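# Quick one: sequence and predicted model below, then my questions.
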Amino acid sequence: LICKDRFDGKSCSAQIVNLENQILPHHRFFGFCKTRPFYRRGKRETAVKVFTVSSESKYLLIQKVPSLNVGKELINRCENFGVIEKTWILPDYPCDPFTEAHVVCYRNIVDARRAKRFFDNLSFYGSLLHVSYAPEYESVDETEQKLILRNKEVETRSKLFRLAFYGKCNDVRTTTYCEKEAKRKK
């Protein structure tokens, strides 16, 4: 059983969700990519994984945290990347011996992306952390807000693309923004 917080506007009520104590497929670590050409390799080995809008989340599942009561230290480090709305430990989550799993919810998905990139495969008290997105903890409203935000980001990028290549922006709401960008580029 996993505790899941739901927001219904003003109050926050806890709801119990049974995920049958299983590791979901998108939380498994499949290893690093070894077949990448030399010119495509970075300084660190990384796994090749594509995230869609629905698979990204502001909820992060941090696995392999040592069971040494270092949760506060982990949260302090997580706060360096943005405002944290809530955190909790998953007591029945299947983990390695002497480790536990934590869930961290950021206010913004951008902060969660930065934190995931930093914490994934980080040595933390002698254990390499494994961090993955946890969209199964999102409410329907949070998912809807995430999709609306992504739609706005795509609109902004397409407007900047039109401005860069055609020199004009035909949207009334962003005309002043486009004019500022055009002046900046000159």
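Arrived safely.

# CA atoms for contacts and neighbours, from now on please.
OK.

# Can you spell out the domain ranges of the chain, please?
20-138, 141-185 (automatic domain parsing).

# Please name the residues that touch residue 122.
128-130 (Cα atoms under 8 Å, 6 or more residues apart in numbering).

# next one: residue 143
Shown in contact with residue 143 (Cα under 8 Å, 6+ apart): residue 54.

# tell me, which helix in the protein spans the most residues?
helix 140-166 (DSSP state H).

# Identify each buried residue in stretch 84-99, please.
For stretch 84-99, burial by neighbour count (16 or more other Cα atoms under 10 Å) applies to 84, 87, 89-90, 93.

# for this protein, which spans come out with low pLDDT?
1-51, 168-186 (pLDDT under 70).

# All the helices of it, residue numbers only.
71-78, 109-119, 140-166, 175-185.

# one step back: ok and the longest helix of the chain relative to helix 109-119, angle-wise?
Counting by axes from the mean of the first three to the mean of the last three Cα atoms, to 10 degrees, helix 140-166 points 90 degrees away from the direction of helix 109-119.

# Please spell out which residues along helix 140-166 are buried.
Neighbour counts over helix 140-166 (16+ other Cα under 10 Å) mark 142-143, 146, 159-160, 163 as buried.

# just stretch 121-132 next, same as before
Residues of stretch 121-132 classed as buried: 128-132 (neighbour count, 16+ other Cα under 10 Å).

# Which of these sits closest to residue 57?
Within these, the smallest distance to residue 57 is 9.2 Å, found for residue 132 (Cα to Cα).

# just to revisit the earlier point, how about the buried residues of helix 140-166 in JSON lines, adding distance to residue 107?
Shown next, in JSON lines, are the buried residues of helix 140-166 (distance: Cα to Cα, whole Å):
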{"residue": "142", "distance to residue 107": "11"}
{"residue": "143", "distance to residue 107": "13"}
{"residue": "146", "distance to residue 107": "11"}
{"residue": "159", "distance to residue 107": "26"}
{"residue": "160", "distance to residue 107": "26"}
{"residue": "163", "distance to residue 107": "31"}
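
# got the CA coordinates for stretch 138-148 in CSV?
Taking Å, rounded to 0.1, in the frame of the first residue of the first chain, the C-alpha atoms of stretch 138-148 are listed here in CSV:
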residue,chain,number,x,y,z
GLU,A,138,-0.1,12.3,-10.4
SER,A,139,-3.8,13.2,-10.1
VAL,A,140,-5.9,13.8,-13.2
ASP,A,141,-5.7,17.6,-12.6
GLU,A,142,-1.9,17.6,-12.4
THR,A,143,-1.7,15.6,-15.6
GLU,A,144,-4.0,18.0,-17.4
GLN,A,145,-1.9,21.0,-16.1
LYS,A,146,1.2,19.3,-17.4
LEU,A,147,-0.2,18.8,-20.9
ILE,A,148,-1.5,22.4,-21.0
